[in-house]
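Undergrad: quick check, what structure comes out for this input:
(one chain, ligands or ions: 1)
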Amino acid sequence: MSIPASSDVHWKTNYGEPVITVDNLGIEFLTGRKRSLSLREIIFQRRMTHEKETFWALKNISFQVGRGEAVGLVGSNGGGKSTLLKMIAGTLLPDEGKATVREGVAPLIELTGGFIAELSGRENIYMAAGLHGMSKEKIEERFDDIVDFAGPKVRDSLDVPYRHYSSGMQVRLGFAVITCLDEPIILVDEVLAVGDAAFREKCYQRMEALLEQGRTLFLVSHSEGDLLRFCTRGIYLKGGKMVLDSDMESVMKAYMEDLLGVPWIPPKERNAEDALYNRRDRTAKGFKVE
Ligand SMILES: Nc1ncnc2c1ncn2[C@@H]1O[C@H](COP(=O)(O)OP(=O)(O)OP(=O)(O)O)[C@@H](O)[C@H]1O
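TA: Next up, the predicted model:
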């Protein structure tokens, strides 16, 4: 599929200029539990209703991202990664601080990507692209490319309600749509894990092409390979706090060592290590090592 030619757009200009500024961001959620009142509150403050318990899903988060950067967000489940992406996308508002985003954002944060279950795939393409400011003519021009990228199963189901799509078909259509938009910032949450291997590889090539054009990428993934392939910078979130903001390899090392409690070796060195182990193994077994 032809993604918009870089000559159409200004993504390549002012490379590195700040496009996202997150300043002391915080958001508080209800836990769903109710806190029991203390005797002091009941007697002296005359409070009778139970207070709902809250927690900070993100607290004191500050960083800046420059145009053209590819940032990987890492952290274990519940660390706050998706919440942060939603705040950058503007679908969640902070309780503290602010996220300033200076350019348009194409988010694929949830599998359903903001698509409407009752509408068909075709209607959802028009709706999603239209909401991002694309004219009807431009959508028509790109329609076939979007559907080609999404694959034959999606093409055959274009007039079927989106709620009948399998999770793989949903992510195919979602990724095809968001990556054909002209938005300079792209947010991709773990969703790619749902697609099959061939589709994932197609998505990777598309992401490489978008980065090549100078777009800015935020990628949430639990895949070490994906993060190291695409991201030059990493942010590690743990329990809603930022643990580290550094180059992707250092962030991956900090996260993996924290998670697994053993030294982490970057894949490129690991292969050499593995080769060495194999060599040792073969030597130990009496094979001749050249
Ligand atoms: N709307 C909400 N209301 C209440 N709690 C929420 C809401 N959204 C998220 N949370 C909670 O906020 C915390 C952070 O969730 P978030 O989805 O951002 O984590 P994550 O790092 O993306 O996790 P995962 O790797 O599992 O996707 C979790 O404890 C989650 O249960």
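Undergrad: show me where the stretch 151-290 of the chain has its strands.
TA: 185-188, 216-220, 233-238, 241-247 (DSSP state E, counting those that start in this stretch).
Undergrad: show me the contact partners of the shortest one.
TA: Right, strand 185-188. Under the contact criterion Cβ atoms under 8 Å, 6 or more residues apart in numbering, strand 185-188 has outside partners 19-20, 85, 88-89, 101, 103-109, 175, 178-179, 207, 210, 215-220. For glycine as for every other residue, the C-beta is placed from the backbone atoms N, C-alpha and C.
Undergrad: could you do stretch 121-136 as well?
TA: 104, 106, 113-116, 119, 138-139, 142-143, 146-147, 150, 154, 157-160, 162, 165, 173, 177-178, 180-183.
Undergrad: how about the residues of the chain near the ligand?
TA: Phe29, Leu30, Ala57, Gly75, Asn77, Gly78, Gly79, Gly80, Lys81, Ser82, Thr83 (Cβ under 6 Å from any ligand atom).
Undergrad: just the buried ones from those residues, in ChimeraX syntax?
TA: A single ChimeraX command is used to select the members of those judged buried by 16 or more other Cβ atoms under 10 Å:
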select :57,75,79,80,81,82,83
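Undergrad: got any ranges where the chain has weak pLDDT?
TA: Low-confidence segments of the chain, defined by pLDDT under 70, span residues 1-15, 32-39, 48-51, 111-113, 271-290.
Undergrad: swap in 80 and give it another go.
TA: For the chain, the stretches with pLDDT under 80 are 1-16, 31-53, 110-114, 191-195, 270-290.
Undergrad: centre of the chain to stretch 177-189, how far?
TA: 11 Å (Cα atoms, centre = their mean, to the nearest Å).
Undergrad: now that stretch: buried residues?
TA: Quick answer for stretch 177-189 (16+ other Cβ under 10 Å): 177-189.
Undergrad: what is the nearest of those to the ligand?
TA: Among the buried residues of stretch 177-189, Asp189 lies closest to the ligand (Cβ to the nearest ligand atom), at 7.3 Å.
Undergrad: verify the stated contact: the closest one with Phe175.
TA: No: the pair Asp189 and Phe175 does not pass the contact test of Cβ atoms under 8 Å, sitting 11.2 Å apart.
Undergrad: anything in contact with each of those two?
TA: By Cβ under 8 Å, 6+ apart, the residues touching both Asp189 and Phe175 are Leu108.
Undergrad: what's next to stretch 82-89, contact-wise?
TA: 20, 22, 25, 27, 57-58, 61, 73, 92-94, 99, 101, 105, 107, 109, 185, 187, 189-190, 218, 220, 237.
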